[in-house]
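Chemist: predicted model and sequence follow; I will ask about them next.
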Amino acid sequence: MSNTETRPAELICGTVAEAGPHTEAGPDTGAGRPGPAPADIEVLGPRDVPLGGPRAMRVRRTLPQRARTLIGAWCFADHYGPDDVASTGGMDVAPHPHIGLQTVSWLFSGEIEHRDSLGTHAFVRPGELNLMTSGHGISHSEVSTPATTVLHGVQLWVALPAQHRDTARDFQHYVPTAVPLEGGEARVFLGSLAGDTSPVRTFTPLLGAELSVTPGATVTLDVDPAFEHGVLVDRGGIVLDDTTLEPADLGYAAPGRTALTLTNRGSETARLVLLGGPPFGEEIIMWWNFIGRSHDEVVQAREDWMKGTRFGEVRGYDGAPLPAPELPNTALKPRGNKR
């Protein structure tokens, strides 16, 4: 999904307590090093962002924000729906560029047609992971299909570490199986959880999973204490450890925990998305659909997109590519995660 804000802020994002470099790609299944005593759960509320136009669907954005810009390498989280496409027209995001990131598409209902400049023509369906790696530059489009009546899901971005930010373009598709839990189930689309491991390649250790918790149940998950975690609530009344989370809230848990406890105090099955990873040990600049390391790098990426170079062509989309917004006159000051 594109960031379609017409005046996106330029953010310099990073952590205050930096992690060391990661030398291996793919999920980390080790126990990690014990951290300090866990702090309280931090509750991050969303902000509404329109995808464009007076009838456009709206998304709830919980990353990045002033209080927290990253959870591991997860740097962007949009949560949308359930959206009646008969009223809003659904999703129609014209070809747009990315650098320095991976996009993670995960649906609860509906279907999205994906086309990219690799030549990929694929569909995003509920319970199926589509992961696109931009590397030095890729472009893609996303359109909800005519068969879609209700569109509902999350769009996530992962920052690529400096040593891999110019890696080759790539697209991966994976369908995780449901793993039964005592009181629910998990679908692990990235990393390792509850005895299941995704084969999908990432460039830093990551965790991504859809969880369900039945009414009245408590689920305790063993997690890597080197990871920080975020629990995004889609539906249901959930208590994370001792903190209540409402639908669309993102509960943040700092490194140091060996387990997360989720209790469903509601009357319906709760659905959550669990994200995790070790604190990202680099400072990044996010602007529009770009993640770079300097203002000049972002400026060059915008110029290349507007000139029609570097990002390739998306074939099969009926319409013009998205133009890049104007850059701000000055860069904003760095924003770091609280520790």
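Modeler: Alright, I've got the coordinates.
Chemist: any idea how far the nearest residue to residue 114 once chain neighbours are set aside lies from residue 130?
Modeler: Leaving aside its sequence neighbours, residue 114 sits nearest to residue 122 (C-beta to C-beta, 6 or more residues apart in numbering; 4.8 Å). No exception for glycine: its C-beta is placed from N, CA and C like everyone else's. In this view, residue 122 and residue 130 are 6 Å apart by C-beta to C-beta, to the nearest Å.
Chemist: intersection of neighbour lists for those two?
Modeler: 114, 171, 173 (C-beta atoms under 8 Å, 6 or more residues apart in numbering).
Chemist: so which of those is the most crowded?
Modeler: Tallying neighbours with other C-beta atoms under 10 Å puts residue 114 at the head of the shared contacts of residue 122 and residue 130, with 20 neighbours.
Chemist: most centrally placed residue in this structure?
Modeler: residue 156 (1.8 Å; C-alpha atoms, centre = their mean).
Chemist: pretty sure that one contacts residue 74?
Modeler: Yes: with contacts counted by C-beta atoms under 8 Å, residue 156 reaches residue 74, the gap being 6.2 Å.
Chemist: which neighbours do these two share?
Modeler: Common contact partners of residue 156 and residue 74 (C-beta under 8 Å, 6+ apart): residue 275.
Chemist: hmm, residue 145 is touching residue 107, no?
Modeler: No: judged on C-beta under 8 Å, residue 145 makes no contact with residue 107 at a distance of 11.2 Å.
Chemist: any idea how far residue 205 lies from residue 224?
Modeler: Applying C-beta to C-beta, the value for residue 205 to residue 224 is 8 Å.
Chemist: who has more neighbours, residue 122 and residue 130?
Modeler: Neighbours were counted for residue 122 and for residue 130 using other C-beta under 10 Å; residue 130 has more, 22 against 17.
Chemist: which residues does the more buried one contact?
Modeler: Each residue near residue 130 by C-beta under 8 Å, 6+ apart is listed here: 103-105, 114, 122, 124, 171-173.
Chemist: identify the farthest-apart pair in those.
Modeler: Greatest spacing in the contacts of residue 130, by C-beta to C-beta: 104 and 122 (13.7 Å).
Chemist: re earlier: show me the shared contacts of residue 122 and residue 130 that map onto helices.
Modeler: Within the shared contacts of residue 122 and residue 130, no residue falls in helices by DSSP state H.
Chemist: between those, which sits nearest residue 192?
Modeler: Nearest to residue 192 among these, with distances taken as C-beta to C-beta, is residue 173, at 19.4 Å.
Chemist: run through the bridge partners of that closest one.
Modeler: Beta-bridge partners recorded for residue 173 (DSSP bridges): residue 130.
Chemist: identify the residues contacting it.
Modeler: Shown in contact with residue 173 (C-beta under 8 Å, 6+ apart): 122, 128-131.
Chemist: Serialize those residues to TSV and add fields for distance to residue 242 and pLDDT.
Modeler: Below are the contacts of residue 173 laid out as TSV (distance: C-beta to C-beta, whole Å; pLDDT from 0 to 100):
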residue	distance to residue 242	pLDDT
122	42	98
128	34	98
129	32	98
130	36	98
131	34	98
